[in-house]
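Peer 1: Let me see the structure of the following:
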Amino acid sequence: MFGTKKNKKGQSGGSGGLLSGVVGGGVPGGASACGNGGSGMTPLGGAKVPLSLQGSTPSISSQDDVNGNSVQLTAQQILDALPDSEVERRFKEMLEDMNIKSEESLLTKTIEKKRMMLSMRETTGTTVRGKLETPFDFVQCLRNEHLSSEKLLKHCESLRIALTSNPLSWVKEFIDKGGTDEILTLVRKCQHNKKFSEKNEIDLIRCFRAAINNGHGTKYVKGNSTALQTICGSLRPDRPSLMLEAVRLIAPLAIIEGGQSDVLSALTLIAEQHGIERFRAIVEGLESDQDALRKHCLQLVNVLLEVEDYDFRVHLRNEFMRCGMLNLYEKMLKEEHMSVDLSRQFTVFKNSLEDDLDELTQKYENIAQDFFDLKECFDMIKASVTGTPSASAFLSILQHLLLIRDDAQIRPAYYKLIDGCIAQIVLHRNGLDPDFGYTQKFQMNVEELVERVKGHSSGEDINIEALQNRLEEALTQKQEMEAKLANYEAKIGQMSQGSPGKALQVPAGLLKGQGIGPPPGATSSNGGVSGAPPPPPPPPPSMTGIGGKAFISPASLLLGGASLLSPLPPAMPGSDLPGILL
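Peer 2: So this is what the prediction gives:
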């Protein structure tokens, strides 16, 4: 008979927990299985084998031979003694403890390889521990204020191996005891303290990733408000290797429920601290000459743009474009030699962009004809919110608008103020999203703002009135000038007819024959308007001039037209015929 040997830990959680559970498994004719790390005795070839694989060496249990001498059994020997069904069960448990999905490629391996992997698992878990064995040991080590850069590198290497090789219970204990908190604290120290190197920060991020690569770890990140913010602080385009580790960690966290908004909030806070755009570092990472960094940065962009709301998605993409991605996108369109992974991510980004552009074009084609009509715009908004949760909010907005004072000057001032507020909320210039969870009152003096808008409006009204007055004055001057022009034309007509006091006036027919008509309404000598011309006198008898040539007397000239005129002889000395004075 063999003596029993108690498990040091008494439960699964150490590196040797899996193998001790294997030994503790039931064998036909023996004791029942005790689970991972259970204690008890199992028959092995007619002998009882103690569960003692929790020690510092993977080699072994002891049993007595037929002569009573102690014989050491190696882990491989113990595994070889188990039936195939037990090996299969323990192999699946190992995959679950290691947080590895039951992949077909692993499950289809031969039974010999599964035995070998179980043996290697136990060997690795028991030889790498050294002085740092339990989660508490690692936590205490990370809390050491006097850690040097070299010691931190060694401890991070050991911690990362422990986190990836130990079962989930070990990792959960490490998180619960504050191990991840200490990692984040050291990451912040590396970001601000030149004492630590870039390699320290990279190893710490790798350890943090290994710790939260499970359900309990993701819950920890969701409950820690500074975790993502700390990791986003390591997005340093000038340090490609460091940024690669940070992006590889952030992208998966953005996929989980609520993770996208958490990542955006973290990027926003970091951008405010550094005074830059929140997507600037990601875009600069896309400009790197390392394909791995470019691929993971573009993958993060695609994850952040994977939202259902169309307007919000376009808003985020436009923010990326403003940060320099527009020029980068055009360059990548012309890039010929692109890795397969990067090309796949770029195709996703390009297809999403083109789909949104098509939807935007269709949207504006439908509303272009109604966009500038008040009633049509109201009807469109009403139709878009009817039957949705937005209807009550829109109705509340309209009800508040009805409470604006009915004043000819105050009402426009209020509407201008409200328009400015809406424009700043909907079309935010720096790309930051409104805090929809902010429910406190806005701290602003509305009366002062209304008075300022009102004063501005009054100034505009004064300018309009001044322009109207100037226009009326100009129209009055124009009318006066037209009246003066008519008066001057009448005077010119009178002057063209000669002085009204002269005995002989220019005959109207003569002026008409020359293409000049008498002015309308010729005035008399007393300033009144003359009536119809007096009747012509009777025609005088014809007279024959000297030499038998006819000539026209002044009386006949007044009665005839231009066709009656004939050349006149020169006045004879001493003649009684008066000359014609024109």
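
Peer 1: Could you pull out the strands in the chain for me?
Peer 2: All strands of the chain, identified by DSSP state E, fall at 41-44, 47-50, 61-64, 70-73.

Peer 1: quick one: average pLDDT of stretch 415-423?
Peer 2: Averaging pLDDT along stretch 415-423 gives 81.

Peer 1: actually stretch 289-300, not the one I typed
Peer 2: 94.

Peer 1: Can you give me the buried ones in that stretch?
Peer 2: 292-300 (16 or more other CB atoms under 10 Å). For glycine as for every other residue, the C-beta is placed from the backbone atoms N, C-alpha and C.

Peer 1: just checking, which of the residues you listed belong to helices?
Peer 2: 292-300 (DSSP state H).

Peer 1: before we move on, the earlier item: with distance to residue 489 as new columns, can the buried residues of stretch 289-300 be given to me in TSV?
Peer 2: Shown next, in TSV, are these (distance: CB to CB, whole Å):
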residue	distance to residue 489
292	92
293	88
294	85
295	88
296	89
297	84
298	83
299	87
300	85
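
Peer 1: Can you name the two of the residues you listed that sit furthest apart?
Peer 2: Within the buried residues of stretch 289-300, 292 and 300 form the most distant pair, 12.9 Å apart (CB to CB).

Peer 1: Can you tell me which of the ones in helices among the buried residues of stretch 289-300 is nearest residue 349?
Peer 2: residue 298 (6.3 Å).

Peer 1: Now do the contacts for the closest one.
Peer 2: Residues in contact with residue 298, defined by CB atoms under 8 Å, 6 or more residues apart in numbering, are 286, 342, 345-346, 349.

Peer 1: Tell me where the model's unsure across this structure.
Peer 2: 1-77, 97-105, 121-131, 364-372, 427-462, 498-582 (pLDDT under 70).

Peer 1: tell me the domain ranges of it?
Peer 2: 17-125, 127-370, 404-436+444-479 (automatic domain parsing).

Peer 1: From one end of the shortest one to the other, what's the distance?
Peer 2: I take that to be domain 404-436+444-479. End-to-end distance for domain 404-436+444-479: 45 Å, by CA to CA, to the nearest Å.

Peer 1: What of stretch 221-229?
Peer 2: For stretch 221-229, the end-to-end distance is 11 Å (CA to CA).

Peer 1: buried set for it?
Peer 2: 221-222, 227-229.

Peer 1: And the contacts of that stretch?
Peer 2: Under CB under 8 Å, 6+ apart, the answer for stretch 221-229 is 180-181, 184, 212, 220, 250, 253, 256, 258-259, 262-263, 265-266, 269-270.

Peer 1: Show me which of those residues are buried.
Peer 2: Judged by 16+ other CB under 10 Å, buried ones among the contacts of stretch 221-229: 180-181, 184, 212, 220, 250, 253, 259, 262-263, 265-266, 269-270.

Peer 1: In helices, which of the residues you listed fall?
Peer 2: Per DSSP H, the subset of the buried ones among the contacts of stretch 221-229 in helices is 180-181, 184, 220, 250, 253, 259, 262-263, 265-266, 269-270.

Peer 1: What is the neighbour count of the closest residue to residue 141 other than its chain neighbours?
Peer 2: Distances taken as CB to CB, 6 or more residues apart in numbering put residue 155 closest to residue 141, at 5.4 Å, once the chain neighbours are dropped. Counted with other CB atoms under 10 Å, the neighbours of residue 155 add up to 19.
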